[in-house]
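# Give me the fold of what follows.
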Amino acid sequence: MKKITLLLSAMLMTVMSFGAVVTFDADADKGNATETAAAFTVTKDGITLDVTQGRLGTFSGETHYRIYKSQTLTIKSTVGAITSVQFTCTAEGDAQYGPGCFTVADGSYTYSGAVGTWTGSATEITFSATTNQVRASQIVVAIDGDVIPGGGNGGGNDNDSTGTVPPAEGVITCAQAVEICKATGETATTETYTIRGYVTEIKEAYTTQYGNVSCWMADEKGGGQVFLAFRVKPVNAADQAVKVNDYIEVKGNLVNYYGNTPETTAGGSMTIITVGEEGEKPSLPEGLTGDGTKENPFTVEDVLLLNNNFAGPYYVKAFIVGQVNGASLESGAEFDAPFTPSSNSTTGEQYTYGTNLIVASSVDITDVAKCVPVQLPAGDLRTNFNLPENPDMHGQEVLICGSLQKYFSVPGIKSPTSIELLSEVSNVVNVKGMQYADAYYYTEDEIGYFDFDMYVDVDPDTYEYTYPELYVAVKANSKTALNGTYDLLYAGLWTSANDSIEMGEALGTVTIKNVDTEGNYSFTGSFVGADGKTYKFNDVMYVWGYDVDTDEEIAFSEESTTPPTNGAIVFDADTDQGNAIVYTEGASGQEFTITKEGLTITVSSGLLGTYNNEHHYRIYKNQTLTVTSTVGNIAKIEFTCTANGDEKYGPGCFTASTGEYGHDGAAVGTWTGDAATITFTASANQVRATQIVVTLASATAVDNVTVGATPVKVIENGQVLIIRGENIYNVLGAQVK
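Numbering: from 1, shown residues only. Here you go, the predicted model:
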């Protein structure tokens with residue numbers, strides 16, 4: 001802590017019979033300040049803030065007053081003498097934007113952490129942003145000796161603690177810990193210290209994934225961000241529920257992180273000495289639906305009515321309706337899938353961990369004035385509930401335990417310790433129990449189509465099929481081969497034999513795979529209906545095919561087995577993974593190769609990703625995927641991606657080194673040409689492909705001969721394959737199968 005003591009130049013004012021504390025909150029008290037640099041004033045309860053040059057800014061969803069370098073903030077009173085002023089800044093100490101950038105001509109000014117405190121007696125005080133710009137989210141002014149709650153009444157953190165628990169022998173205060181941190185600098189102490197203080201803010205709530213807590217501490221309740229207990233491990237299970245106002249003991253090594261954050265190093269311990277008294281919570285106002293307990297949780301309307309004035313933590317019951325993608329709830333609210341993932345391109349990878357949710361009292365609310373944003377701290381809660389990676393959470397009813405605090409400049413829920421699912425409202429419908437499908441094949445304008453009638457809820461004893469019945473129409477790749485990706489034309493559900501529910505057009509693709517050659521079939525697929533839900537079907541045990549045009553039963557051929565014939569080789573990210581690594585949080589891309597049937601796919605930097613329980617190949621932006629053949633030239637390559645067209649992750653992000661390349665506007669990109677090697681560059685953005693199908697040029701066998709005891713197969717393009725038992729080699733000796 002640095003302290004500057006100056007002579008008092010203002011005359012002492014007559015002590016009035018009423019004191020007052022006036023709080024200027026940059027989220028609510030804006031005066032004529034705008035987001036454009038200019039002089040501005042804010043007046044409230046007889047106190048005026050006058051800034052010569054500055055503006056309103058936003059950071060982490062909160063607004064702050066900016067006083068530019070070499071400019072001044074003058075505080076004037078018409079209701080009595082100002083005896084103390086407290087600034088809460090967005091940075092600490094002497095750092096840029098911190099309270100240490102202020103100088104003042106009169107009175108006494110101190111600062112510690114993010115809090116600056118002036119004491120004296122004057123009706124007008126001028127603060128100069130001498131060394132750098134100052135950014136304050138809150139300014140509290142006390143009149144005629146009134147006391148600022150939580151401190152700010154002179155002496156900085158030199159005041160005696162107002163706590164009821166006396167420090168134990170060998171225990172230091174938060175202020176003493178700060179001084180040690182500043183002395184040791186960015187090199188942590190080798191000694192272990194024991195610090196006691198009050199929790200003033202939960203920065204990272206406890207999660208089972210990481211098993212630690214980060215919280216700000218001070219020697220007084222509400223004393224601001226003085227000392228950070230960084231990722232300390234609760235000693236007992238009860239300590240995991242630590243909350244604001246608890247009196248705690250922390251043990252660990254000390255460090256001044258990056259020169260401006262006094263904290264413990266990760267791995268220390270934490271235990272609650274005294275639980276914050278429930279009686280300290282003010283009485284709740286009338287008209288609330290709940291009381292914030294788990295048995296009688298608040299509603300979203302309750303949270304809005306409480307308006308950040310009752311921190312908690314409390315329980316809130318609500319529906320997940322969206323997320324915030326931007327600086328404010330009003331401008332960044334997203335209520336419909338697909339939800340935009342947050343990005344961090346420092347490693348070349350685009351992370352898909354959303355940091356927040358929007359909740360409302362019903363699933364159909366999209367009016368931001370009736371919504372509340374919810375913070376998702378890093379760990380299990382973010383991993384399991386963020387919407388970009390968990391779209392099935394959209395519409396779910398949940399019970400949230402967290403602090404009712406301002407978030408994105410509006411009433412919100414911060415630092416939640418738990419989110420519990422109360423319902424199973426899902427945007428993903430898993431169609432289970434199917435055992436049979438009728439595959440009706442017909443042609444129209446010389447194009448083949450399949451209508452699949454897939455029966456659900458089979459009675460295994462009587463073989464009677466009950467409804468609903470799933471109907472999918474797809475554009476067929478061939479008459480007898482089911483493996484492959486189909487263009488989806490229509491989807492619908494029947495609730496009885498004569499009554500259908502149309503889902504409308506649901507254009508997209510359906511992937512069918514794992515078809516065997518024994519007359520029993522098993523294939524999987526999914527489609528997005530016009531209702532916005534994803535319908536997934538799996539485990540069809542038998543498929544009966546019927547040709548409508550010829551009035552004959554279809555005998556599915558052995559050509560249905562993967563990989564398909566006609567020289568096509570399928571690389572499926574679920575099964576063909578080569579030496580690619582599977583993505584985990586923080587994993588960086590690397591080069592990987594996959595070889596199959598004489599073809600090699602090489603990615604210069606990427607990995608295997610997972611989405612909706614399926615793998616995909618990730619080719620990072622500005623990186624390449626090269627397809628090389630040792631069994632003949634390549635005539636065609638098809639990519640099936642996780643996004644459409646030119647969208648991020650879609651096939652339109654590729655450019656090809658040779659041949660012709662384009663996409664269908666949906667998820668499929670197609671290359672045609674005649675080459676043994678083709679390189680695709682993810683020029684526009686990262687590409688994510690679940691399947692890559694490579695078709696060789698003219699690979700139909702036309703001659704087979706035997707040389708001695710060795711069968712030899714000659715194909716049209718001149719390639720010679722030598723067969724030895726179950727293995728096939730090219731003339732260079734390389735095994736291709």
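
# Okay, now the unreliable bits of the stretch 351-500 of the chain?
351-353, 423-437, 454-471, 477, 481-485, 490-500 (pLDDT under 70).

# the strands in it, which residues?
In the stretch 351-500 of the chain, the strands defined using DSSP state E, counting those that start in this stretch lie at 356-360, 372-375, 397-407, 410-421, 428-431, 436-444, 447-458, 465-475, 484-494, 500-502.

# cool, and the stretch 1-150 of the chain?
Using DSSP E, counting those that start in this stretch, strands in the stretch 1-150 of the chain cover 2-5, 20-25, 38-44, 47-59, 62-67, 72-77, 82-89, 102-104, 108-112, 115-122, 124-129, 134-143.

# quick one, which of those is nearest to Ile634?
strand 47-59 (52.1 Å; Cβ to Cβ). Quick note: C-beta positions are derived from backbone N, CA and C, even for glycine.

# Would you mind extracting the C-alpha trace of that closest one into PDB?
Taking Å, rounded to 0.1, in the frame of the first residue of the first chain, the C-alpha atoms of strand 47-59 are listed here in PDB:
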ATOM      1  CA  ILE A  47     -23.300  15.500  -5.400                       C
ATOM      2  CA  THR A  48     -21.900  16.200  -8.800                       C
ATOM      3  CA  LEU A  49     -19.100  14.400 -10.700                       C
ATOM      4  CA  ASP A  50     -17.400  16.700 -13.300                       C
ATOM      5  CA  VAL A  51     -15.000  15.100 -15.700                       C
ATOM      6  CA  THR A  52     -13.000  17.400 -18.100                       C
ATOM      7  CA  GLN A  53     -12.400  14.700 -20.700                       C
ATOM      8  CA  GLY A  54     -13.500  11.000 -20.500                       C
ATOM      9  CA  ARG A  55     -16.400   8.800 -21.300                       C
ATOM     10  CA  LEU A  56     -18.300   5.600 -20.300                       C
ATOM     11  CA  GLY A  57     -16.600   2.300 -21.100                       C
ATOM     12  CA  THR A  58     -17.500  -1.400 -20.700                       C
ATOM     13  CA  PHE A  59     -15.400  -4.300 -19.600                       C
END
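
# List the neighbouring strands of that strand plus their orientation.
strand 38-44 (antiparallel), strand 62-67 (antiparallel), strand 72-77 (antiparallel) (DSSP bridges).

# Could you identify which of the ones you listed is most buried?
Of all the strands paired with strand 47-59, strand 62-67 carries the top mean neighbour count, a mean of 24, counting by mean count of other Cβ atoms under 10 Å.

# now the angle from that one to strand 20-25?
Strand 62-67 and strand 20-25 meet at an angle of 100 degrees, taking axes from the mean of the first three to the mean of the last three Cα atoms, to 10 degrees as the criterion.

# residues in contact with strand 62-67?
24, 26-27, 30, 33, 49, 51, 53-58, 73, 89-90, 127, 129, 133-137, 139, 406, 408-409 (Cβ atoms under 8 Å, 6 or more residues apart in numbering).

# same check, this time on stretch 322-329
Outside of stretch 322-329, the residues within contact range by Cβ under 8 Å, 6+ apart are 58, 61, 332-336, 339-340, 342, 354, 356-358, 366, 368, 371, 373, 386-388, 394, 408-410.

# And it, end to end?
11 Å (Cα to Cα, to the nearest Å).

# That stretch: how far from the chain's middle?
Centroid separation for stretch 322-329 versus its chain: 12 Å, with Cα atoms, centre = their mean, to the nearest Å.

# So for Ala656, which of the strands of the stretch 1-150 of the chain sits nearest?
For the strands of the stretch 1-150 of the chain, the distance to Ala656 is smallest for strand 47-59, at 43.4 Å, taking Cβ to Cβ.

# Now do the closest one: distance to the chain's middle.
Put simply, strand 47-59 sits 33 Å off its chain's centre (Cα atoms, centre = their mean).

# could you check the angle strand 134-143 makes with it?
For strand 47-59 against strand 134-143, the angle by the same axes, to 10 degrees is 150 degrees.

# For strand 47-59, list every residue counted as buried.
Across strand 47-59, burial judged by 16 or more other Cβ atoms under 10 Å covers 47-57.

# Over to stretch 262-276?
For stretch 262-276, a neighbour-count test (16+ other Cβ under 10 Å) marks 262-265, 268-272, 276 as buried.

# From start to finish, how long is stretch 213-232 in a straight line?
End-to-end span of stretch 213-232 (Cα to Cα): 5 Å.

# Give the buried residues for that stretch.
In stretch 213-232, counting by 16+ other Cβ under 10 Å, buried: 213-221, 223-232.

# So which of those are in strands?
Those of these mapping onto strands are 213-218, 227-232, per DSSP state E.
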